[in-house]
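> can you look at this prediction? I've put the sequence above it.
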Amino acid sequence: MPISRRVVLERLATETDADSRETMTVEALAAGLDTDERTVEAHLQRLADCELARIHASGRVRVTITGEEILELGADEVVIVDRPTTDTER
Amino acid sequence: MSEKEADQHGESSAEVEYDPASSRYDLFECPDCDNVVLALGRDDPPMSCHDEPMERVTDIEMQVKPPDVKQVLLQAFGLPKAGLDICLCVISEGPLSASEVADSLGYDRSTITRYLNKLVELGLLQRSELNLEEGGVVNVYHSVDLERMRRETLIGFYVWAGEAAALIEDANLTKRDYLEENPDRELPDVFWESFSEE
């Protein structure tokens, strides 16, 4: 069964912490979600694009403050993150 | 002409008729005046008029074209296709970036931002500012409470329907006045166009 991006974010927020910069490996995250690493990595990259997750050079990942705040909104549907555009995106 | 084209020209669409026994809405009228009201989801007259409960309209045989939800939203709320696409298609796939939405729907990023704000103005989405770790904020657009959305879209449509009903009534009264003032003249060939010019 396909795993949703929201579920990945929720699990990441459970296992890591933005304030203490606590991280985890993608492997551990995928194992906790009972899915493959490639699927989790794809979702993580999209979450990072939305400033909701941070992917460190070491490969370890964590939720961001923005990611924690978006989960606190409790919105079930239609969540679109519109970060300020850069010149190359216009 | 294809079936789709025929539908767009209204040539093959099945018409719908108000049936008091099975309709999902009810029409009530005052037996003493011209007052007519539309009510959803209730069996009893929602209001009284001239100190008497209004009566269900039962003697009407009128067929109308079935409304299309996209056309209704477009007409009532001025929500163009891009806004509808965002509202109807980007559901339960989030969180998404605005750029990702733009890519998947084939619109410019600026178009997505513009219609996200339009959806907020209409009460169909809610905008929140979230903090970024590097400082600053980011806009997040998310669904509003479903009950609130239901109420706002229904009331919004009723406002639009009320404006439409007032236009029709104005046209009817204008027609009546014209015939009273010009008893010997027929209505202009294209009465509705002459009405709109006024």
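Ah, there it is.

> biggest helix in chain A by residues?
Counting residues, the longest helix in chain A under DSSP state H turns out to be helix A:37-49.

> could you give the average pLDDT over that one?
On average, the pLDDT along helix A:37-49 is 94.

> again, but for stretch A:65-84
The predicted confidence, averaged over stretch A:65-84, sits at 83.

> in it, what counts as buried?
By neighbour count on 16 or more other CB atoms under 10 Å in any protein chain shown, the buried set for stretch A:65-84 is A:65-71, A:75, A:78-83. Using the backbone N, CA and C atoms, a C-beta is placed for each residue, glycine as well.

> mind checking which of those land in strands?
Among the buried residues of stretch A:65-84, DSSP state E puts A:Ile80, A:Val81, A:Asp82 in strands.

> chain B next: which of those residues are close?
Intersecting those with the contacts of chain B gives A:Ile80, A:Val81, A:Asp82 (criterion: CB under 8 Å from any CB of the partner chain).

> so B:Ile60: helix, strand or coil?
Three-state assignment for B:Ile60 (DSSP: H, G, I helix; E, B strand; the rest coil): coil.

> find the nearest non-adjacent residue to it, please.
Using CB to CB, 6 or more residues apart in numbering or on different chains and skipping the chain neighbours, the partner closest in space to B:Ile60 is B:Tyr18 (6.1 Å).

> contacting residues for the one you found?
B:Leu27, B:Val57, B:Ile60, B:Met62 (CB atoms under 8 Å, 6 or more residues apart in numbering or on different chains).

> what score does it have for pLDDT?
B:Tyr18 is given a pLDDT of 84.

> give me the distance between B:Leu132 and chain A.
Distance of B:Leu132 to chain A, given as CB to the nearest CB, to the nearest Å: 6 Å.

> isn't that residue up against A:Ile65?
Yes. The criterion here is CB atoms under 8 Å, and B:Leu132 meets it with A:Ile65 at 7.4 Å.

> what touches both of these two?
With CB under 8 Å, 6+ apart, B:Leu132 and A:Ile65 have no common neighbours.

> who in chain B is up against chain A?
Residues of chain B lying close to chain A (CB under 8 Å from any CB) are B:86-87, B:90-101, B:109-110, B:112-113, B:116, B:125-126, B:128, B:130-133, B:136, B:138-143.

> buried set for stretch B:149-162?
For stretch B:149-162, a neighbour-count test (16+ other CB under 10 Å) marks B:Met149, B:Thr153, B:Gly156 as buried.

> any idea how far B:Gly136 is from the second one?
Going back to what we said before, that points to B:Thr153. B:Thr153 sits 33 Å away from B:Gly136, taking CB to CB, to the nearest Å as the criterion.

> can you show me the helices along the chain?
Using chain A here. Secondary structure of chain A (DSSP H): helices located at A:5-15, A:26-33, A:37-49, A:65-73.

> ah, no, chain B please
B:3-8, B:69-77, B:81-89, B:98-105, B:109-121, B:146-181, B:191-197.

> those: which one's closest to B:Met47?
Of all those, helix B:146-181 sits nearest to B:Met47, with 14.0 Å by CB to CB.

> what's the neighbour count on A:Ser58?
8 (other CB atoms under 10 Å in any protein chain shown).

> kindly apply the preceding question to A:Ala42 instead.
With other CB under 10 Å as criterion, A:Ala42 counts 12.

> what's the answer for B:Arg109, then?
18.

> from what I see, it and B:Ser99 are in contact.
Yes. When contacts are counted by CB under 8 Å, B:Arg109 is listed as touching B:Ser99 (5.6 Å).

> circling back: can I have the buried ones of the residues of chain B next to chain A as a ChimeraX selection?
In ChimeraX, a selection of the buried entries from those looks like this (16+ other CB under 10 Å):
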select /B:86,87,90,93,94,95,96,97,98,99,100,101,109,112,113,116,125,126,128,130,132,138,139,140,141,142,143
